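Participant: need a structure here:
(chains A and B)
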Protein chains: 2
Amino acid sequence: MHREDSLQESCINTLRFLAVDAVQQARSGHPGAPMGAAPMAFVLWDRFLKHNPANPAWPDRDRFVLSAGHASMLLYALLHLTGYDLPLEEIRNFRQWESRTPGHPEYGVTPGVEVTTGPLGQGLAHAVGMALAERWLAAHFNRPGFDVVNHRTYALVSDGDMQEGVAGEAASIAGTLGLGKLICLYDDNGIQIEGSTRLTFREDVALRFRAYGWAVSGPIDGFDLDAVHDALRTAVENPHQPSLIICRTVIGYGSPLQGTAKVHGEPLGEENARAAKLALHWPEEPTFHVPREVLQHMRMALERGQREESRWNAKWKAYRTEYPEEAEQLEAQFRGELPAGWDCEVAEVVSGSSKPAATRVSSGLVLNALAKRIPFLIGGSADLAPSTKTLISGRGDQSPEDVKGGNLHFGVREHAMGAIAGGMALHGGLIPYCATFLTFSDYMRPPMRLAALMGIRVIYVFTHDGIGLGEDGPTHQPVEQLMGLRTVPGLTVIRPADAAETAEAWRAALLNARGPTALVLSRQDVPQLDRSTVASAHGLHRGAYILWESGAGKPQVIIMGTGSEVSVALEAGRMLAEEGVAVRVVSVPSWELFDRQDEDYRELVLPRAVTARVAVEAGVGLGWEHYTGLRGDIVAMRGFGASAPGEILYERFGITSHEVAKRAKRLLGER
Amino acid sequence: MHREDSLQESCINTLRFLAVDAVQQARSGHPGAPMGAAPMAFVLWDRFLKHNPANPAWPDRDRFVLSAGHASMLLYALLHLTGYDLPLEEIRNFRQWESRTPGHPEYGVTPGVEVTTGPLGQGLAHAVGMALAERWLAAHFNRPGFDVVNHRTYALVSDGDMQEGVAGEAASIAGTLGLGKLICLYDDNGIQIEGSTRLTFREDVALRFRAYGWAVSGPIDGFDLDAVHDALRTAVENPHQPSLIICRTVIGYGSPLQGTAKVHGEPLGEENARAAKLALHWPEEPTFHVPREVLQHMRMALERGQREESRWNAKWKAYRTEYPEEAEQLEAQFRGELPAGWDCEVAEVVSGSSKPAATRVSSGLVLNALAKRIPFLIGGSADLAPSTKTLISGRGDQSPEDVKGGNLHFGVREHAMGAIAGGMALHGGLIPYCATFLTFSDYMRPPMRLAALMGIRVIYVFTHDGIGLGEDGPTHQPVEQLMGLRTVPGLTVIRPADAAETAEAWRAALLNARGPTALVLSRQDVPQLDRSTVASAHGLHRGAYILWESGAGKPQVIIMGTGSEVSVALEAGRMLAEEGVAVRVVSVPSWELFDRQDEDYRELVLPRAVTARVAVEAGVGLGWEHYTGLRGDIVAMRGFGASAPGEILYERFGITSHEVAKRAKRLLGER
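Facilitator: Numbering: from 1, shown residues only, chains lettered A, B, ... in the order given. Alright, predicted model coming up:
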């Protein structure tokens, strides 16, 4: 063996046994994948990946996505060895409380981790979003001689990733768009938890990806460093197609149990760990062994990274001189800042008319007004743009022929849409939104959850938010989704009542830089609340606010509503007032925002002493006891909807002002 | 034009214009797809589909799945014309309150509708489940000379279906399994709502399906009846592979707007409807025109169907004589009956030990005990069988080589798994279950929702149900899923506390023939509640029951818990009792079951007068006010989990008996 070969082998074995030892120490984790994928990861990180371990935030770094998140120890070992701020102590602390080495990679916890992965398929789909963001920014900011945005997105994916539908959806989009800077290494080890992939996965993955429009290499021997190198080189040189490199490997390589499902998801055990070390000529002790020459070699990434970044800094400096406005703009975008006057055109588009309008329509106007001032607010819909009103006029359609196009077309692929939007936000430099019907938010819960967990700014536009959509029937009528979204920690859900609240909802979404926001909008027209007789929609920012009350004293009853049911609540309130009841009507556009207010404000809006409370919402009632308590009442759906005109459904399902008023009176009678 | 050709054209145009007129009349709906897909649907229904409109429940009928559910009027027109109990009046009432022609096809509402569709991708995936059920039943019940189970599953799919990941997952499974009796007609019209499919869908679908292992015909001209016929014939003759027939068509054919997105999702408008009729030589008036010869021809389906069914009845009669036990068994299975003594082996497997055990482990034992007596209880996991404990010992793995195999391997495809399980239930003759980690239930919400809407018996086994799973971290730790599932109307969610409750939970799931049940199980060991000192687990069937109380009088405080937190609640209760507090501990395994009990029972368990109530659950607290009210307290997660050993997480997140006791005392102090 050549000296160089032997050094490389040592580097690879260091990756392998850091993983083995860490999993062993934690008594939990996944040793098999790191042992099989270490060679391809080594080639990528040692010879291709452009990054500076000393500055994980360098905007022009290549992105590396470990879609096979269970192989986390492989990534931690790479980060540690190449010089990220992740000392060996953290590797020893793998999977322990408050360590920076959690069981699956978590964005924001570990420097160098670009995205939280673990739920399979998500990493690849997020990677597509990153590659798309890069291309869009490059198209808008690069100038002749100044490719200031020019980096690749690499993903390492497993069999499990390949089986998930979301990965297929995302791969189809990447192929259609021709995202040439996206490169996937596929760790094709033929084993999954239940056994051989033959059990359930006999498809020809290479052919499938060719069908999507990808360039495919292999299957190659994933342990043949030159073969991996050559395939990566070929991929890097293909600017027009995303590339898939299929690497045949052996899971748990070196262990007596290699090539079986037994090495996938639990520690090897002392004996097998020892045998693996023996087989690969690795010292049994000390554990967490990092040979000096390995560290020395791998840490050269720091120097290379510094050099690369310096080169880029020089280019950036020249660009700054030549194109000061663009440079400032791009820097601000990467800081996540909104431009001055970003919302100055909003008021105009919603204040004009007192005519009833669907909040989705108002949303479309607001979005367009915002997009004029925030050119990096970009997104699209899962083939429902004309219905969700999320097309931005004057912008082209993103495609290989128009890489500047700011209207994205996700196709009927809600799941990938959510993940791609997340990937765009993670990349930085733009604010993504995406849209579908509220009922189909069910298709994209996993990436929404990840966005909430990561605390990234993604805006979901969910229209057709209840039975009001009418004839399309119960498959299209959400009833449980609204409450279901409220249960997701870190997700802000806003359901505005009219155009004015819709404008504030969009403002709130953009101002929420530390988490995703879901806007929940009506298909059907809703009245514009006459703000000269009710409170300002600015109250939306506090989540709930007193919209109107019959008098100044303590109310006998409080009526609460959200979105299209606020006008129902208001009408009920006025009916009660006419009968002499002291009534307060509260608009509750966002539970998350309201629950974040201080005690005083919450008491002001919903005084503890007033227990006669009625909530009205055209969704399931479960959960509303959060505000009504057990002594209040809830006018809501008790099951799925039906196919008929919307007004008839409101009537038949009893979501009416008469019903609300009746229930309120019943509560008062009970007292 | 030959007379025969002209008659066929008339039939096709009748289908088209019934759709056009119905959508026009409803002022809502989708005319474009029926106009383009009518020819292929006609060929299928006129020449291939084995069905008896007079008996939609005939078990050996072919299944037809309109995956493109928005083309509902095409299906209703076919059902009406071929003689199902769907009079023209219902067509005229399209999309109206209580009509049998809702906006999207709904199972149980319209005779002949095999599955509720509309959410794209679901139909194809459900069809895979139907084809799998057919093959499994055929393998078990057919005898030489007696192919009593022998029918096909046809699906009609759209571009949107093809884009959805769930369809890709399901197609990969169908290809792997070689489901030769599954045949899909793909209405490839090149148009989706946002415009040309080129915008987002440039992949080679034929190649992709070949990669999955399908036989692919076309693209053929979808208006060429002979070509469609030949392709169907070829597909029918291929017993080893599922078949895809790609039919190029023109959306909204005949309308001046044909071939554009404008004819997709709204009425043509009077003028265009008129122009379309003119173009296709159709009388403008009367609307809902059905030429006599068309009805005569199409209604021949009744005669053909009667003949087919009679032939089958004769065969069945002979089979009954030859194989009386099998025949009786299969009939019982199709009636959905559980065999006598179905649960008689359950008690034994769970009553043996007082040692702590994870409820997933108890579930595995119970499932195996049930499967011995209920051989048609079949299912599998999304590549987590060893973790979800859902493998049934002694059964083979379903594959092309073992079509009898009763252990299914869905791969890492939760979404298709849910839909395939639904399709199996719809087919009838077996009871499907499927399994994954609770957090990944997010991947399969759409088919669970459909199962709930359709009221079919599918059992979901969701393990690793909270922070107790420990080191895998927040991506794998569900916090919002449990409450999120409770919001789904018609879904029964059960989270048992120990082995005894787990046995009852499985019983309840099997007895729930009219809807899906989700079993929510722990990864970590839980204590076996000593039933000699606490109430019988039989209380589970009432959803919540008094587990233990410190004395006979009225309690000062009620502690509630579910699943792994019941023992926490019990410990807290005993601690409080020692301090002299009169305390009641309630196990609440199922909200749905409890809320269905009569007022008296609910009052007995949770007396209104006792407002000091503390709930404990290792998930989000939102929603628990349903039982605690605003005067109680909730010990729950306030956000996502973390990666560390489970016991440490319980401690750090404060889900402990000490915390529960503390909160209870605080409540009492407040009074």
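Participant: ok now do A:Ser99, which residues does it touch?
Facilitator: A:Ser99 makes contact with A:90, A:93, B:643, according to C-beta atoms under 8 Å, 6 or more residues apart in numbering or on different chains. Placement of C-beta: from N, CA and C, glycine included.
Participant: need the residues you listed in CSV (columns: neighbour count and distance to A:Gln8).
Facilitator: CSV is the format used below for these (neighbours: other C-beta atoms under 10 Å in any protein chain shown; distance: C-beta to C-beta, whole Å):
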residue, neighbour count, distance to A:Gln8
A:Glu90, 18, 25
A:Asn93, 18, 28
B:Ser643, 29, 31
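Participant: specify which member of these is nearest to B:Ala231.
Facilitator: If you rank the contacts of A:Ser99 by distance to B:Ala231 using C-beta to C-beta, B:Ser643 comes first, at 52.7 Å.
Participant: in the stretch 451-600 of chain A, what residue is nearest chain B?
Facilitator: Closest approach of the stretch 451-600 of chain A to chain B (C-beta to the nearest C-beta) occurs at A:Thr475, with a separation of 3.5 Å.
Participant: isn't that residue right next to B:Tyr107, touching?
Facilitator: No. A:Thr475 lies out of contact with B:Tyr107 (C-beta atoms under 8 Å); the separation is 10.7 Å.
Participant: give me the common contacts of the two.
Facilitator: Between them, A:Thr475 and B:Tyr107 share these contacting residues under C-beta under 8 Å, 6+ apart: B:Thr116.
Participant: look at those two and report which has more neighbours.
Facilitator: For A:Thr475 and B:Tyr107, the more surrounded residue by other C-beta atoms under 10 Å in any protein chain shown is A:Thr475, and the numbers stand at 26 against 18.
Participant: what segments of the stretch 51-200 of chain A are strands?
Facilitator: Remark: strands assigned in the stretch 51-200 of chain A by DSSP state E, counting those that start in this stretch are A:63-66, A:153-158, A:182-188, A:191-192, A:195-196.
Participant: closest to chain B out of the ones you listed?
Facilitator: Closest of the strands of the stretch 51-200 of chain A to chain B is strand A:191-192, at 5.0 Å (criterion: C-beta to the nearest C-beta).
Participant: report whether that closest one contacts chain B.
Facilitator: Yes. In terms of C-beta under 8 Å from any C-beta of the partner chain, part of strand A:191-192 sits within range of chain B, namely A:Gln192.
Participant: and the helix or strand bottoming out on mean pLDDT in chain A, what does it pack against?
Facilitator: For chain A, the helix or strand with the lowest mean confidence is helix A:346-351, at a mean of 89 (criterion: mean pLDDT, DSSP states H and E). Under the contact criterion of 3 or more C-beta pairs under 8 Å, 6 or more residues apart in numbering or on different chains; DSSP states H and E, the helices and strands touching helix A:346-351 comprise helix A:359-373, helix A:499-511.
Participant: could you give the mean pLDDT of the last one?
Facilitator: Mean per-residue pLDDT for helix A:499-511: 98.
Participant: can you give the domain ranges for chain A?
Facilitator: Taking automatic domain parsing as the domain assignment, the record places the domains of chain A at A:3-304, A:346-520, A:541-667.
Participant: most tightly packed of those domains?
Facilitator: domain A:346-520 (a mean of 24; mean count of other C-beta atoms under 10 Å in any protein chain shown).
Participant: list the contacts of A:Leu7.
Facilitator: Listed by C-beta under 8 Å, 6+ apart, the contact set of A:Leu7 reads A:293-294, A:297.
Participant: which SS state does it fall under?
Facilitator: Of the three states, A:Leu7 takes helix under DSSP: H, G, I helix; E, B strand; the rest coil.
Participant: distance of it from chain B?
Facilitator: 33 Å (C-beta to the nearest C-beta, to the nearest Å).
Participant: if I look at that residue, how far off is A:Arg63?
Facilitator: With the distance defined as C-beta to C-beta, to the nearest Å, A:Leu7 ends up 27 Å from A:Arg63.
Participant: A:Ala347 now?
Facilitator: A:Ala347 sits at a distance of 38 Å from A:Arg63 (criterion: C-beta to C-beta).
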